[in-house]
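Q: next comes the sequence, and after it the predicted model I'd like to discuss.
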Amino acid sequence: MAAATRVLQKGISPSLVVILGATGTGKSKLAIDIGKSLNGEIISADSMQVYKGLDIITNKVTEEEQAQCRHHMISFVDPLVSGYTVVDFRNKALSLIEDIHRRKKLPIIVGGTNYYIESILWKVLIDTGGSVTESEQGGASESKAELEKLGGPELHKRLKEVDPDMAAILHPHDARKIARSLQVFMDTGVPHSQLLEEQREQDGGDCLGGPLRFQDPCVFWLRCKPDALDERLDKRVEEMLSLGLIDELKDFHQRFNDKKIKENSQDYQHGIFQSIGFKEFHEYLTASEDISQEERDKLKIKGIESLKQATRRYARKQNKWVRNRFLKRPASNVPPVYGLDVTDVTSWETTVLAPALEILDCLQKGEQPSAQPIRVEGVESRNKRSHHMCDLCDKVIIGDLEWTAHQKSKNHLYQVRKRRKSEQASDQDPSPAEHQNVSARQVPVQ
């Protein structure tokens, strides 16, 4: 407990610990281990774990694990009575961190949900008045939901009228983001783009938003080799199934969602329905009672495979966010990130926990840890807001990196080949009128 005593005495560095990583890498285990060793308390930054019930599908820590170290922000929102937004989370989490600091303990943030983590680390949300920030609760939520029903193109047209700068950087079909920008303007009377620019101009702010909220946070990134992680995630899905995942989903649908099922009005874009598992098992859970057992079994197997694929995709998305947000983007207010290899969990104590505690101990004493933060060299700045129109694919692409990726995509290359063949066919089979003059036509050299 010597390290814990030192943390309590100084109480400044690190101001908090943030544990990042893909699902299945052991973030909760490391948080509990650090919490027990350094007198810490854990704040879950998972947007699905705030909801009551559905413990298996949202992969909550067990009651036994919670008893080892105090946890916050788990199982306190009714999933079908009220929604819970990043704004609600930010406000409650900051209050908790302040209280934990006041009690001379170490806050440990475990993510989870990327934008939840960002809302704690940086001042990245736009205050729209009072204590509500980009409010989606109460009447504001209903207004935003009504806006989204209008669809991306109509919303984009409206946003162009009140905030052309914001409209230029948002995809015309991204109804949720466009609706949010319109809601900000409706609540404040100020264009969203102007408020963001003012935020970036704050002392310590930069191109990504406002300044860091806390000085000297310690950020850990749990990394695992892709093949090993995929295997681990597939096994975890099987374990969730053995624990009763299907029955948990069935129970939720039957008890809370009968009316929505009958109306076929499930909203998989908001609230608990964003959790992986609902979309994947939708066909199975809502199948007619008249289908055969063989057909039902096929739908179940299809759901299981879809769940495994979705879980692997989500893990890659989480890691991509860490690279982009912390390691690749040119920003002056990004804290250092310490990597921990969790590929082999059989040596957890020596390869994960011990290095993490050593880093924390050195940071508390103002010393340089033997482990160096991760650095990505040779990353060039890019324009995230550049606007590109691909006539071949009839798509709008926002951002230089996204445009480059689109040009290399299978769909785009297919369209290129298709047009080339069409042009070649046209050249080889000219119309009668063109045929009379073909010998006189100059054909450019390719």
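A: Thanks, I have it. The model shown is predicted, which means the values in this text are computed figures rather than measured ones. Numbering: from 1, shown residues only.
Q: in contact with residue 337, which residues?
A: Counting by CB atoms under 8 Å, 6 or more residues apart in numbering, residue 337 makes contact with 20, 219, 220, 221, 322, 326, 327, 373, 374. (Glycine included, C-beta is placed from N, CA and C.)
Q: test my guess that the third one contacts residue 335.
A: The one in question is residue 220. No - using CB atoms under 8 Å, residue 220 is not in contact with residue 335; the gap is 11.0 Å.
Q: of the two, which one has the most company?
A: residue 220 (24 against 19; other CB atoms under 10 Å).
Q: is that one in a helix, a strand, or coil?
A: In three-state terms, and counting by DSSP: H, G, I helix; E, B strand; the rest coil, residue 220 is strand.
Q: hang on, the earlier thing: top of the contacts of residue 337 by neighbour count?
A: Result: residue 20 is most packed of the contacts of residue 337 (other CB under 10 Å), 26 neighbours.
Q: thought that residue was touching residue 30?
A: No - taking CB under 8 Å as the definition, residue 20 is not a contact partner of residue 30, at 10.6 Å.
Q: which neighbours do those two share?
A: 220, 222.
Q: hmm, back to that, Throw the contacts of residue 337 into JSON lines and include distance to residue 70 and pLDDT, thanks.
A: Below are the contacts of residue 337 laid out as JSON lines (distance: CB to CB, whole Å; pLDDT from 0 to 100):
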{"residue": "20", "distance to residue 70": "21", "pLDDT": "96"}
{"residue": "219", "distance to residue 70": "21", "pLDDT": "95"}
{"residue": "220", "distance to residue 70": "20", "pLDDT": "97"}
{"residue": "221", "distance to residue 70": "24", "pLDDT": "97"}
{"residue": "322", "distance to residue 70": "26", "pLDDT": "92"}
{"residue": "326", "distance to residue 70": "27", "pLDDT": "88"}
{"residue": "327", "distance to residue 70": "31", "pLDDT": "86"}
{"residue": "373", "distance to residue 70": "29", "pLDDT": "92"}
{"residue": "374", "distance to residue 70": "30", "pLDDT": "91"}
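Q: how about the residues you listed in CSV, adding distance to residue 54?
A: Formatted as CSV, these follow (distance: CB to CB, whole Å):
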residue, distance to residue 54
20, 23
219, 29
220, 27
221, 27
322, 26
326, 30
327, 33
373, 36
374, 34
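Q: element containing residue 340, please.
A: Per DSSP states H and E: residue 340 is located in strand 337-341.
Q: now residue 152: how far from residue 64?
A: 46 Å (CB to CB, to the nearest Å).
Q: between those two, who's got more neighbours?
A: Neighbour count, other CB under 10 Å: between residue 152 and residue 64, residue 152 has more, with 18 against 7.
Q: once you drop chain neighbours, what's closest to the more buried one?
A: residue 173 (4.0 Å; CB to CB, 6 or more residues apart in numbering).
Q: how many residues are close by the one you found?
A: Count around residue 173 with other CB under 10 Å applied: 13.
Q: which one of the contacts of residue 337 is nearest to residue 166?
A: residue 326 (25.3 Å; CB to CB).
Q: just the pLDDT for the closest residue to the closest one other than its chain neighbours.
A: Distances taken as CB to CB, 6+ apart put residue 337 closest to residue 326, at 4.9 Å, once the chain neighbours are dropped. Residue 337 is assigned 93 on the pLDDT scale.
Q: same deal with residue 277?
A: Model confidence at residue 277, expressed as pLDDT, equals 80.
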